[in-house]
Structures are given as C-alpha cells and as structure tokens.
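Visitor: Quick one: sequence plus predicted model below, questions after.
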Amino acid sequence: YCGRRFHRAAKRALKRRAPNMDVLISTATCLAYGYSTFMMVLSVAFTFLGEVQEGPPPHFFETPCSLITVVLIGRLLEAAAK
C-alpha cells in the first residue's frame, strides 16, 4: 500500500521518458519481490521433486519494505526541515 505512490509516479515518469528516483525505487522493490517469489517457488518445486537442499533458499522479502520505509522517512524529514 505504501509503495503504490512510487509505482504510480514511476509509470508517469516513464511515460514522459524522464526517469527519476521513483523509477529506481519501483524497479528495485519489484525485482527484489519477484526474485524472492521465484526462489521460493523453485525451492518448493525442487522439494516436490525430491531434491535435498542445504538451508533455506535466498530471499529478500524484507528489502522492498525496508527500502520504501527508509525513503518515506527521508521524505518526511525533508518536509519537516523546510
């Protein structure tokens, strides 16, 4: 929910062909979430096929949340300083 503003702003910026920080944030959060989802599905598929795995699969589900939180806090502090 909190990241929706970044995705909408990124879409507008790409339509104008003027990428900005919102495009970077949107891309990073989508890639981290997509990679984590892919690795979890791959892990389940290998487990279903009987493959033995060493440890849990790599995942970065916390990365999009952390990134959006840090940027929103930065924007809040910037607005408060003005």
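Guide: Here it is on my side, so go on.
Visitor: Who are the packing partners of the lengthiest helix in the chain?
Guide: When the chain is parsed with DSSP state H, its longest helix is helix 21-48. Using 3 or more CB pairs under 8 Å, 6 or more residues apart in numbering; DSSP states H and E, the elements in contact with helix 21-48 are helix 4-15, helix 62-81. Bear in mind the C-beta positions are built from the backbone N, C-alpha and C, glycine included.
Visitor: Over to the residue lying farthest from the centre of the chain. Which of the three states is it?
Guide: Most distant from the centre of the chain: Gly50, at 30.7 Å, with distances by CA atoms, centre = their mean. Following DSSP: H, G, I helix; E, B strand; the rest coil, the label given to Gly50 is coil.
Visitor: Let me know the pLDDT of it.
Guide: Note on Gly50: pLDDT of 83.
Visitor: Name all residues that make contact with the residue nearest the centre of the chain.
Guide: The residue lying closest to the centre of the chain (CA atoms, centre = their mean) is Thr29, at 1.5 Å. Contacts for Thr29 (CB atoms under 8 Å, 6 or more residues apart in numbering) come out as Gly3, Phe6, Thr63, Pro64, Leu67, Ile68.
Visitor: How many neighbouring residues does the nearest residue in space to it that is not next to it in sequence have?
Guide: Among residues not flanking Thr29 along the chain, Pro64 sits closest, at 3.7 Å (CB to CB, 6 or more residues apart in numbering). Look at Pro64: counted by other CB atoms under 10 Å, it has 22 neighbours.
Visitor: was I right about Pro64 contacting Leu31?
Guide: No. Between Pro64 and Leu31 there is no contact under CB atoms under 8 Å: 9.1 Å.
Visitor: ok now the least confident helix or strand in the chain by mean pLDDT, how far from the chain's centre?
Guide: The weakest-scoring helix or strand in the chain, judged by mean pLDDT, DSSP states H and E, is helix 21-48 (a mean of 91). Distance of helix 21-48 from its chain centroid, counting by CA atoms, centre = their mean, to the nearest Å, is 8 Å.
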